[in-house]
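Engineer: Provided below are the primary sequence and the corresponding predicted coordinates.
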Amino acid sequence: MRSKLVFLITLLMGLPAITQAEVVKQLFETSLPVVSQDRDIRQAAFEQGFFEVLVRVSGSSQAPSHIDISTAAHYVQQYRYLVAENRSGQVVGPGQPEVKRNLWIQFSESKIRNLLTENGLSIWGDQRPPVLLWLSVKDGRNRYILRNQDISVIKDAVEKAAKRRGLPIVWPSFDETDQKQVTYLDVWGQFWGPVVEASKRYSVDTVMLCRMNWDGVSWQVDWSLMLDKKLESWRFRSPEIEQLMVNGIDFAADQVASRFAVVNDLTSDGKIIIHVNGIQQLSVYSKVMHYLSSITSVKQVFPTEVNQNWVRFHVDMSGEKEDIQRIIALGKVLVPDSLPKVDSPLPVNAVVPHTLPATEDDNLLIYKFNQ
């Protein structure tokens, strides 16, 4: 019986994994413009890239203040110089050197994670919630909502800032379907009722409103973020669109990460049991196994009981049980469930006993696979 279980697990580990939360790639990479390959210039780029990666991976714009940035080179895994993109048509100001190269840097994932953990800082995994952004603009006589299909300097600035923070942004279509539920004035006035209704078609849990008003001298930008039914609002003013978007997205990313990033406590190890119903195929088992293994705070996961309809996983983790529950809720691979009232009879080739644990166990979490 034990050998059958080992064989089953070995077979399943080779199958592909999926997740329904958006997976943000290249968290530990960055590319920066440089004017030369001089050592001092390279060191400065290492430090700037180190700063960006620390913020992106921790989810906190304050994380670098706890780290000695001058040690950046120690965490570089590899780097190389690339020819800069075509900058034709751009004017170089007096005394400014022309950028001809970009320095691509990849930092060590294991070293960065260890550094954040040792300093008591959070780690935000690569599975992150997409944020639907309704952005309304009033520029003199022009009034509009930025759509997914639009080409815009403002939109480019938002996406650049969001990529820097590893925050997935979704733009509304604002097509006929949307316009039946929400208007420009609803978004501009930040009336959340119709906005929430119109947002349901996008299958996101996090929605953000942005209102940009040009007064002839500068932009005033008002932001609002709805996360877990809690509303956060903030405001910035500047004539520079790019800086405004950086400030706005930084605040939003900090808020979202504070919900999902996890502090790995080296002094505290937790153990929980996750019972998952609806696992009737090998491919489903693989998806669930890989999904649980990918959660940042999970150190180790392995099955302890396998039935024809469910599997029970033992999970070693750092952090709290609530951290796991929040992240699972984000991914939507699993949804809360209850123990089956009556278990089906064991098949002839069952690999393990099918007894169920006591329902009052505080370390037991019960889910079902979300088809």
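Structural biologist: Received the coordinates, thanks. Predicted model only: the values in this text are computed from it and were never measured.
Engineer: and the residue lying closest to residue 187 once chain neighbours are set aside, which of the three is it?
Structural biologist: Spatial nearest neighbour of residue 187, excluding adjacent residues (C-beta to C-beta, 6 or more residues apart in numbering): residue 136 at 4.3 Å. From N, CA and C alone the C-beta is placed, and that goes for glycine too. Taken by DSSP: H, G, I helix; E, B strand; the rest coil, the conformation at residue 136 corresponds to strand.
Engineer: number of nearby residues for residue 136?
Structural biologist: With neighbours defined by other C-beta atoms under 10 Å, the count for residue 136 comes to 22.
Engineer: go on, residue 31?
Structural biologist: Using other C-beta under 10 Å as the criterion, residue 31 is surrounded by 17 other residues.
Engineer: mind listing what it touches?
Structural biologist: By C-beta atoms under 8 Å, 6 or more residues apart in numbering, the contact list for residue 31 reads 82, 102, 103, 104, 105.
Engineer: double-check that the last one belongs to a strand.
Structural biologist: Yes - the assignment for residue 105, made by three-state DSSP, places it in a strand.
Engineer: re the thing from before, restricted to buried residues, select the contacts of residue 31 in PyMOL.
Structural biologist: Burial among these is assessed by 16 or more other C-beta atoms under 10 Å; the matching PyMOL selection reads:
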select buried, resi 102+103+104+105
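Engineer: next, format the contacts of residue 31 as CSV and append pLDDT and distance to residue 188.
Structural biologist: Output for the contacts of residue 31, formatted as CSV (pLDDT from 0 to 100; distance: C-beta to C-beta, whole Å):
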residue, pLDDT, distance to residue 188
82, 94, 42
102, 95, 39
103, 97, 42
104, 97, 41
105, 98, 41
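Engineer: any chance of a markdown table for the contacts of residue 31, columns distance to residue 254?
Structural biologist: What follows is the contacts of residue 31, written out as a markdown table (distance: C-beta to C-beta, whole Å):
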| residue | distance to residue 254 |
| --- | --- |
| 82 | 31 |
| 102 | 27 |
| 103 | 27 |
| 104 | 27 |
| 105 | 24 |
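Engineer: hmm, which two among the contacts of residue 31 are most spread apart?
Structural biologist: 82 and 105 (10.9 Å; C-beta to C-beta).
Engineer: can I see the domain layout of the chain?
Structural biologist: 2-21+265-369, 28-86+97-123, 127-260 (automatic domain parsing).
Engineer: against residue 297, how distant is residue 115?
Structural biologist: Summarising the geometry, the distance separating residue 115 from residue 297, computed by C-beta to C-beta, to the nearest Å, is 17 Å.
Engineer: next one: residue 137
Structural biologist: Note on residue 137: its distance to residue 297, by C-beta to C-beta, is 40 Å.
Engineer: residue contacts, the residue nearest to residue 187?
Structural biologist: Applying C-beta under 8 Å, 6+ apart, one finds that residue 136 lies in contact with 143, 144, 145, 146, 184, 187, 188, 209, 210, 211, 212.
Engineer: and those, which are buried?
Structural biologist: A residue is treated as buried here by neighbour count (16+ other C-beta under 10 Å); on that basis the buried members of those are 145, 146, 184, 187, 188, 209, 210, 211, 212.
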